[in-house]
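Test case, fold it:
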Amino acid sequence: MTEALLSVRDLRVSFDTPNGMVQAVRGVDVDVAPGEMLGIVGESGSGKSVTFLGLMGLLPQSAKISGSAKVGGVELVGAKNKVMREIRGKRIAMIFQDPLSALNPVYRVGDQIVEMIQSHQPLGDKEAAAKAVELLEIVGIPQPKDRSRQYPHEFSGGMRQRVMIAMAIANDPDVLIADEPTTALDVTVQAQILEVIQRIQKEMNKAIVMITHDLGVIARVADRVQVMYAGRIVERAGIDDLFRSPTHPYTVGLLHSLPREGMERLLPIPGRPPNMLRPPPGCAFSARCEHATAVCTVGLPELEPFGPSMTACVRAHELDLGVKV
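Got it, this is the predicted structure:
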């Protein structure tokens, strides 16, 4: 892989609560190269969004963050607010999952994009307004000049998400984080939003992280995938390898829960994720795993090479998960 634009090492995020310290992210590594889309997939609460909100400095003060996260060689973890303000939007930007909450309801859409542009570029009002219209056109909003004068509530959910994408690319950042960008959208609109993101990836050579719980989305757009469970990466693979030859029982469970032609019923993963106030000492998935033995409960499993993938299952070599080694 070419040199990563985003490089994360041993990122950890915890929250101090009245009941104790919640260990939300427990040592995550991520690399994303120019022109690549990395999928981050897992159940709600697995630590997907917290990982990237943490490295962007968008978590509350109760969050404790350690490790390293570099964009173009610039360290984000522990960076001062002034540095983060210069980097966010210009070097790394985020497409949030709820555009209605992310957009200001009392300002016109065009004005909000103009504000984003002028926060990093020395453009006058007319130049910035013209660029805002151009950005709306790039993301596929019809009659962009007229729509730029409208308010967020006058847009559909899909159009609001396009506005969020326009704001994210306004200052030509190197890295885009797409946090569940198709949530609450119907299938047709989902496909349109994913097409816009893919076009930006290819035409602008962006490094993109696609965060989602939907393996269908991952299959459609990602080049590589990292599967998260209980704040850790449990499998890392190319998109074809993940679907053809999963190496971790949790990944297999996610794949079994996907609707497929001829399937009479979905196969949910039994049990619940662990309490992250007191995560188990061994594999966090062991309590829900049909393949778990005593060895799975001793020591935190690390990612190890297995065939073309990497897995954090200590029994991967013994199990018949359809793996092609």
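
Contact partners for residue 153?
By Cβ atoms under 8 Å, 6 or more residues apart in numbering, residue 153 lies in contact with residue 105. C-beta: built from backbone N, CA, C; applies to glycine.

Assign it to helix, strand or coil.
helix (DSSP: H, G, I helix; E, B strand; the rest coil).

just residue 24 next, same as before
Under three-state DSSP, residue 24 falls in the strand class.

right, and it touches residue 15 too?
Yes - if you go by Cβ atoms under 8 Å, residue 24 and residue 15 touch, sitting 6.2 Å apart.

Counting neighbours, go ahead and name the busier of the two.
Each of residue 24 and residue 15 has its neighbours counted (other Cβ atoms under 10 Å); residue 24 has more, 22 against 17.

Quick check, pLDDT for that one.
Model confidence at residue 24, expressed as pLDDT, equals 97.

residues of stretch 27-38 that come out buried?
Within stretch 27-38, the residues that count as buried by 16 or more other Cβ atoms under 10 Å are 27-28, 30-33, 35-38.

Would you reformat the residues you listed as a markdown table and include secondary structure and distance to residue 156?
Below are those laid out as a markdown table (DSSP: H, G, I helix; E, B strand; the rest coil; distance: Cβ to Cβ, whole Å):
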| residue | secondary structure | distance to residue 156 |
| --- | --- | --- |
| 27 | strand | 40 |
| 28 | strand | 35 |
| 30 | strand | 33 |
| 31 | strand | 36 |
| 32 | strand | 30 |
| 33 | coil | 34 |
| 35 | coil | 30 |
| 36 | coil | 30 |
| 37 | strand | 25 |
| 38 | strand | 29 |
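
Report the separation between residue 129 and residue 164.
Distance of residue 129 to residue 164, given as Cβ to Cβ, to the nearest Å: 19 Å.

repeat for residue 241
32 Å.

rewinding a little: and of the buried residues of stretch 27-38, the nearest to residue 302?
Nearest to residue 302 among the buried residues of stretch 27-38: residue 27, at 9.0 Å, using Cβ to Cβ.

Surely the closest one touches residue 12?
Yes - counting by Cβ under 8 Å, residue 12 is a contact partner of residue 27 at 5.9 Å.

Give me the neighbour count for residue 309.
For residue 309, using other Cβ under 10 Å, the count is 24.

Spit out the contact partners of it.
Contacts of residue 309 by Cβ under 8 Å, 6+ apart are 235-238, 241-242, 245, 247.

Now name the helix or strand holding the closest residue to residue 42 other than its chain neighbours.
Excluding the flanking residues, the one nearest residue 42 by Cβ to Cβ, 6 or more residues apart in numbering is residue 228, at 3.7 Å. If you go by DSSP states H and E, residue 228 is part of strand 224-229.

Show me what that strand pairs with in its sheet, parallel or antiparallel.
Sheet pairing here is set by DSSP bridges, and for strand 224-229 it gives strand 37-41 (parallel), strand 232-238 (antiparallel).

How far does the first one sit from its chain's centre?
Using Cα atoms, centre = their mean, to the nearest Å, we find the averaged C-alpha position of strand 37-41 to lie 6 Å away from the chain's own average C-alpha position.

ok, and what's touching the helix or strand that it is followed by?
Next along the chain after strand 37-41, taking DSSP H and E as the criterion, comes helix 48-55. Applying Cβ under 8 Å, 6+ apart, the contact partners of helix 48-55 are 8, 11, 13, 24-25, 28, 30, 40-42, 59, 63, 65, 69, 76-77, 94, 97, 177, 179-180, 209, 211-213, 228.

Kindly report the same for stretch 59-67.
Against stretch 59-67 from outside (Cβ under 8 Å, 6+ apart): 8-17, 21, 27-28, 50, 53-55, 77-78.

Just the buried subset of the residues you listed, written out for PyMOL, thanks.
Selection of buried members from the contacts of stretch 59-67 for PyMOL, criterion 16+ other Cβ under 10 Å:
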select buried, resi 8+11+12+13+14+15+27+28+50+53+54+55+77
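
average pLDDT across whichever helix in the chain runs longest?
For the chain, the longest helix by residue count, based on DSSP state H, is helix 187-204. The average of the pLDDT scores along helix 187-204 is 92.

State the mean pLDDT of the very next helix or strand once past that helix.
Counting by DSSP H and E, the next helix or strand C-terminal to helix 187-204 is strand 207-212. Across strand 207-212, pLDDT averages out at 96.

Strand partners (parallel or antiparallel) of strand 207-212?
With DSSP bridges as the test, strand 207-212 is paired with strand 37-41 (parallel), strand 175-179 (parallel).

any idea how far the last one is from the chain center?
Meaning strand 175-179. With Cα atoms, centre = their mean, you get 6 Å for strand 175-179.

Next, the residues that contact that strand from outside, please.
With contacts defined as Cβ under 8 Å, 6+ apart, strand 175-179 is touched by 5-6, 32, 49, 52-53, 56, 71, 91-97, 168-169, 197, 200, 206-211.
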